[in-house]
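Have a look; sequence and predicted model below, questions after that.
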Amino acid sequence: MRTLNTVEDLRQALLELRDTYNATRLIERHRFRPPSAVRQDQLSSAALAA
């Protein structure tokens, strides 16, 4: 466990958590893909539709 001494340390830790979650966490409702892969697919589909 790491100690966060300032609000800026907390902010940085939360940004790291978000990035790790979005890149590695497999979500069942997304057919066991990470959120970043689902988002990329959605952006690609939107670009094709435009």
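All right, it came through fine.

Which stretches in the protein count as helices?
Taking DSSP state H as the test, the helices found in the chain are 7-24, 35-49.

would you list those helices in TSV and tack on mean neighbour count, distance to residue 1 and mean pLDDT?
Glycine gets a C-beta too; all of them are placed from N, C-alpha and C. Below are the helices of the chain laid out as TSV (neighbours: other Cβ atoms under 10 Å; distance: least, Cβ to Cβ, whole Å; pLDDT from 0 to 100):
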stretch	mean neighbour count	distance to residue 1	mean pLDDT
helix 7-24	11	11	95
helix 35-49	11	25	88
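
Tell me the spacing between the residue nearest to residue 4 when sequence neighbours are not counted and residue 17.
Closest residue in space to residue 4, ignoring its immediate chain neighbours: residue 10 at 4.8 Å, by Cβ to Cβ, 6 or more residues apart in numbering. From residue 10 across to residue 17, the span is 10 Å (Cβ to Cβ, to the nearest Å).

tell me the centre residue of the protein?
The centre of the chain sits closest to residue 22, judged by Cα atoms, centre = their mean, with a distance of 2.0 Å.

Contacts only, for that residue.
Residue 22 makes contact with 34, 35, 36, 39, according to Cβ atoms under 8 Å, 6 or more residues apart in numbering.

same thing but at 10 Å, please
By Cβ atoms under 10 Å, 6 or more residues apart in numbering, the contact set of residue 22 is 34, 35, 36, 37, 38, 39.

these two touch, right, the first one and residue 41?
No. Counting by Cβ atoms under 10 Å, residue 34 sits too far from residue 41 to count as a contact (11.2 Å).

Now do residue 30 against residue 7, distance only.
For residue 30, the distance to residue 7 - Cβ to Cβ - is 33 Å.

Residue 19 too?
In terms of Cβ to Cβ, residue 19 sits 19 Å off from residue 7.

residues contacting residue 37?
By Cβ under 10 Å, 6+ apart, residue 37 lies in contact with 22, 23, 26, 27, 30, 31.
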